[in-house]
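Participant: take a look and give me a structure for this.
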Amino acid sequence: MSPITTSSASTSPSPAPAPGEWHAETLVELREQLLWPGLLRTPALALSPSRLGMAFFTLLLLAFLWELSTLWISGPGPLDLAGERITAAVLGVAEGLGLMAPGPARESHPFLTAAGDLFYRAPAALFASHPWTSVILLPPTLLIWCIGFGAICRSAACEFAQAFLLPWPRAIAFALSRWGSLVAAVLAPLILIGVIALVIAGGGALLLTWPVGDLIAAVLSPIAIILSGVAVFGLAGYILGQKLIIPAVVCEGTDSIDAIQRTYAYVLGRPVLLIIYLLVLAVAAGLALAAAAALVTGITSFAVSAALHWSGPRGADILRHAPGLSGTAGLASGIIRIVLAIPAGLVAAYGLSMYASGSTILYLLLRQANDGQEPGELWMPGMIDGTMAQAPVQADEDDDES
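Facilitator: Now for the predicted structure:
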């Protein structure tokens, strides 16, 4: 299939800067790239029924997986505790940005503190509450996430790059065939950073606990500083570029090492452009997700309010899920709870679909800005892995025998 090149993709990119050389962006170049319509297509691409379905199914599998822990844990499970932290953190971020006033019995927190709760302390609650359960559930969680995320990215890449609607079974099959590269690409930088931390910690434990060893540690301290620099820069690049890792695998048909190299090259090659693209993408996706959440909230609130009007005390208890309900009232309350959770789940699925679709578009645009490679150039079956070259056709064994 020949790539379909859109008019926005026909703009010839500026040459990539040489390693170590600062590339001054001109105002015209930034204006053209900021107005690139690709990033603004993210909300519409994410609304695709197939991508919404894959996102919803991915989140459903993850929720079911973590709910399994309630079989051997009494009381709230790690997912419930993390959910409470995430909810409080999201409210804190909104309050820190001035989007809403602090709720009753809540103190206003600085934005950075709330952001730290959202991106660090809330996920850490999974491990702090039940560490062994979290360690056991982490590998299947990572596998489900990578396959689901990769399938959505592959579907979005085909539609954005080549105007080709990839059926969802083929998208999932593609992600399953690349599961090893997807998981390794996500984990490898974190493993390297962890190994560096263990080396420094182990060296300190071996050398700083006895008189002569402390002098050896002091002499070797520059090595620890160099290793720490590698770890910190690697972590910073990972935080900025983690959205690009899985799209690199599915767009290039490559292995984890090449995907990681491309990610760090694009982060370091055009960091200003990357940050601008991230801001544009965050605004577009945030507005679309807020609109979807407001719409769903209005729908469910309207339905519940209308049903409460003439339902009486018994109906109010059912609709509000009052504790202690039994018989048909308890069953009805449970069914209604599930029905009301479906629209909220669709909003969450829309968020995941938008995150994966936006990451894919971001990768293709950054690839063009850094390498001059058109977004329409996408790895397809029949090409050599990691390249856009067609694989050679193998001759039949009968033809080789003469």
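
Participant: show me the contact partners of stretch 203-219.
Facilitator: For stretch 203-219, contacts defined as C-beta atoms under 8 Å, 6 or more residues apart in numbering pick out 220, 224. (Each C-beta comes from the backbone N, C-alpha and C, glycine too.)

Participant: mind listing what's buried in that stretch?
Facilitator: The neighbour-count check on stretch 203-219 (16 or more other C-beta atoms under 10 Å) flags 203, 207, 217 as buried.

Participant: the spatially closest residue to F164 that is not a sequence neighbour sits in which helix or strand?
Facilitator: Distances taken as C-beta to C-beta, 6 or more residues apart in numbering put C158 closest to F164, at 4.5 Å, once the chain neighbours are dropped. In this assignment (DSSP states H and E), C158 forms part of helix 131-162.

Participant: pull out the buried positions in that helix.
Facilitator: Across helix 131-162, burial judged by 16+ other C-beta under 10 Å covers 133-134, 137, 141, 144-162.

Participant: pLDDT (mean, whole number) over it?
Facilitator: Across helix 131-162, the average pLDDT comes to 91.

Participant: so which elements touch that helix?
Facilitator: With contacts taken as 3 or more C-beta pairs under 8 Å, 6 or more residues apart in numbering; DSSP states H and E, helix 131-162 sits against helix 42-46, helix 49-67, helix 122-129, helix 168-177, helix 179-207, helix 211-252, helix 327-371.

Participant: hmm, the residue nearest to F164 is touching P167, no?
Facilitator: No - the pair C158 / P167 is not scored as a contact, 10.0 Å apart, by C-beta atoms under 8 Å.

Participant: find residues that contact each of the two.
Facilitator: Counting by C-beta under 8 Å, 6+ apart, nothing touches both C158 and P167.

Participant: ok, T297 - how many residues close by?
Facilitator: Residues within reach of T297, counting by other C-beta atoms under 10 Å, total 13.

Participant: helix 327-371 and the helix or strand encompassing it, what's the angle between them?
Facilitator: If you go by DSSP H and E, T297 is part of helix 271-309. Using axes from the mean of the first three to the mean of the last three C-alpha atoms, to 10 degrees, the inter-axis angle of helix 271-309 relative to helix 327-371 is 160 degrees.

Participant: name the next helix or strand downstream of helix 271-309, please.
Facilitator: helix 312-319.

Participant: helices or strands up against that next one?
Facilitator: So helix 312-319, by 3+ C-beta pairs under 8 Å, 6+ apart, packs with helix 271-309, helix 327-371.

Participant: for G358, see how far away the spatially closest residue to L287 that is not a sequence neighbour is.
Facilitator: Using C-beta to C-beta, 6+ apart and skipping residues adjacent in sequence, the residue nearest L287 is P43, 8.0 Å away. Separation of P43 from G358 (C-beta to C-beta, to the nearest Å): 9 Å.

Participant: where are the low-confidence patches of the stretch 51-200 of the chain?
Facilitator: 74-126, 128-129 (pLDDT under 70).

Participant: could you rerun that using 90?
Facilitator: Scanning the stretch 51-200 of the chain for pLDDT under 90 picks out 62-138, 161-165.

Participant: ok, the stretch 251-400 of the chain next?
Facilitator: Looking at the stretch 251-400 of the chain by pLDDT under 90, you get 253-255, 269-280, 282-287, 289-301, 303-345, 347-348, 368-400.
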